[in-house]
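Novice: Next comes the sequence, and after it the predicted model I'd like to discuss.
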Amino acid sequence: MILSDADILSRLADGDLAIEPLDDVDQQVQPASVDLRLGGRFLEFQRTNIPCIHPTEADEVGEYVTETTVEEGDEFILHPGDFVLGTTVERVTIPDDLVAHVEGRSSLGRLAIVVHATAGLCDPGYEGQITLELSNLGTAPVALSPGMRVSQLTFTELKSPADRPYGAERGSKYQNQDGPQASRIGDDPEFAGDGSEDETR
Ligand SMILES: Nc1ccn([C@H]2C[C@H](O)[C@@H](COP(=O)(O)OP(=O)(O)OP(=O)(O)O)O2)c(=O)n1
């Protein structure tokens, strides 16, 4: 079951679901979602001499990524074909019986801006800001302004609370993330070497 505006406000009042800061409830709480704003920090991917990123090599991911900060009032120009990581202003806390989905806003979609290229699920138990996978599928550069409502979050009730919510034990690489975070897929246990893997690779 997807939460309505009344359900969302009731869960926010209960305090187990949190979205902070929620500065303008009237504007941000939509009929069945909450609009989230664009933060000012971006991770851009540079062209380098590395032939490719091996997703399991944390250093290689780091080599490609540089952080840019855009102050409120300034703009970040997203060029056609570009892919950058952004962040929400808001920090969310998802209770164990809800899952949240990051969706784009139609008004930006109509300008060819996509806010999650592939991954859009916030697990039960997740806490932190949300990293946005921003791309421009169009032919014109688009100016993005920190503080603008850029994405929306919907909430779906689980049939029963998660037994092992995000952050409780395994993995949970992105718990409490602050600002845009690059991929940490190299921290996956199957790549980190848990004794069952060949570590001489
Ligand atoms: N666009 C998104 C999607 C998700 N998340 C956050 C909330 C999720 O609960 C957390 C983990 O997302 P996934 O489970 O999709 O990612 P992984 O499976 O790669 O990570 P892990 O192994 O930690 O589960 O990242 C995010 O910040 N931005």
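Specialist: Yes, it's here.
Novice: longest helix in the protein, by residue count?
Specialist: For the chain, the helix with the greatest residue count under DSSP state H is helix 5-14.
Novice: Can you show me the helices along this structure?
Specialist: 5-14, 25-28, 58-64, 106-109, 189-192.
Novice: By mean pLDDT, show me the worst of these.
Specialist: For the helices of the chain, mean pLDDT drops lowest on helix 189-192, to a mean of 72.
Novice: Buried by neighbour count: which residues of it qualify?
Specialist: For helix 189-192, burial by neighbour count (16 or more other CB atoms under 10 Å) applies to Phe191. C-beta here means a position set from N, CA and C on the backbone, and glycine is covered the same way.
Novice: what comes into contact with it?
Specialist: Helix 189-192 has contacts (CB atoms under 8 Å, 6 or more residues apart in numbering) with Thr56, Arg170, Gly171, Ile185, Gly186, Glu197.
Novice: so what does the longest helix of the chain touch, helix or strand wise?
Specialist: Packed against helix 5-14, as judged by 3 or more CB pairs under 8 Å, 6 or more residues apart in numbering; DSSP states H and E, are the following elements: strand 29-30, strand 149-157.
Novice: Report the distance from that helix to the chain centre.
Specialist: Distance of helix 5-14 from its chain centroid, counting by CA atoms, centre = their mean, to the nearest Å, is 22 Å.
Novice: in that helix, what counts as buried?
Specialist: By neighbour count with 16+ other CB under 10 Å, helix 5-14 contains the buried residues Asp7, Ile8, Arg11, Leu12.
Novice: For the ligand, tell me whether the helix or strand bottoming out on mean pLDDT in the chain is touching it.
Specialist: The weakest-scoring helix or strand in the chain, judged by mean pLDDT, DSSP states H and E, is helix 189-192 (a mean of 72). No: Helix 189-192 does not reach the ligand (CB under 6 Å from any ligand atom); its nearest approach is 9.1 Å.
Novice: Now do stretch 97-108: distance from first to last residue.
Specialist: 30 Å (CA to CA, to the nearest Å).
Novice: Sorry, slip of the keys, the one I care about is stretch 102-110.
Specialist: 17 Å.
Novice: Identify, from the contacts of helix 189-192, the entry nearest to the ligand.
Specialist: Gly171 (4.0 Å; CB to the nearest ligand atom).
Novice: Now the contacts of helix 189-192 in TSV, please, with extra columns for pLDDT, neighbour count and distance to the ligand.
Specialist: Converted to TSV, those look like this (pLDDT from 0 to 100; neighbours: other CB atoms under 10 Å; distance: CB to the nearest ligand atom, whole Å):
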residue	pLDDT	neighbour count	distance to the ligand
Thr56	78	16	13
Arg170	70	8	8
Gly171	78	15	4
Ile185	85	16	6
Gly186	82	16	11
Glu197	41	12	17
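Novice: Could you identify the pair within those that is furthest apart?
Specialist: Maximum pairwise distance in the contacts of helix 189-192, criterion CB to CB, is 17.7 Å, between Thr56 and Arg170.
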